[in-house]
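Asker: Sequence and predicted model, in that order:
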Amino acid sequence: MKIDATTIAILRHLKDGRKSYKEIADDLALAENTVRARVNRLKEEGILNIIGMVDPEGLPGHTMVFIGVKLNTMNLVQKGKEFVNLRGIVSVSVVTGRFDLMLQVLLKEGFGLLEFYNDEVSRIDGIQAVETFVVYKGYNLRAPYLL
């Protein structure tokens, strides 16, 4: 799908997840069916996923952490795919710098760092080192609730 200025404008309107296709169409002087068709195409192609996002700070007992992972292998994409299936994982990125992967993880009471490392990360071979960054205060930090 070609991502043009109209598609970008629709995406900007979708920041407000409760805005109707009709409202978006009216604001952009488009037909409602045009907006619906473009959104559906973006979803079909995996470019857009419309989901509810939460602020972890607003959920008692929940914490967001980022974890840098250094691997013993250069098969970064395959290892990233292994991490993405672990409980608590919000996102996995292949990155530059001293780490190979950066994980975004949502934790809660009863499923904290110890449980994440012991029950989840320990199942993956080829990890050389990890470093955990606990988020004390996030700004515009949102994640799908997946615990």
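Answerer: Noted; the coordinates are in hand.
Asker: can you give me the mean pLDDT across the longest strand along the chain?
Answerer: Ranked by residue count, the top strand of the chain under DSSP state E comes out as strand 62-71. Strand 62-71 shows a mean pLDDT of 96 in the predicted model.
Asker: again, but for stretch 1-18
Answerer: 83.
Asker: Walk me through the domains of the chain.
Answerer: The domain map for the chain lists 5-44, 56-134, with the assignment taken from automatic domain parsing.
Asker: rank the ones you listed by pLDDT, which is bottom?
Answerer: Across these, the lowest-scoring stretch is domain 5-44, with a mean of 89.
Asker: any chance you could map the strands in this structure?
Answerer: Under DSSP E, the chain gives strands at 62-71, 89-94, 101-108, 127-134.
Asker: for the ones you listed, which one ends up most surrounded?
Answerer: Comparing these by mean neighbour count (mean count of other CB atoms under 10 Å), strand 101-108 ranks first with a mean of 21. Using the backbone N, CA and C atoms, a C-beta is placed for each residue, glycine as well.
Asker: quick one: that one to chain centroid distance?
Answerer: 10 Å (CA atoms, centre = their mean, to the nearest Å).
Asker: and what of stretch 133-147?
Answerer: For stretch 133-147, the distance to the chain centre is 10 Å (CA atoms, centre = their mean).
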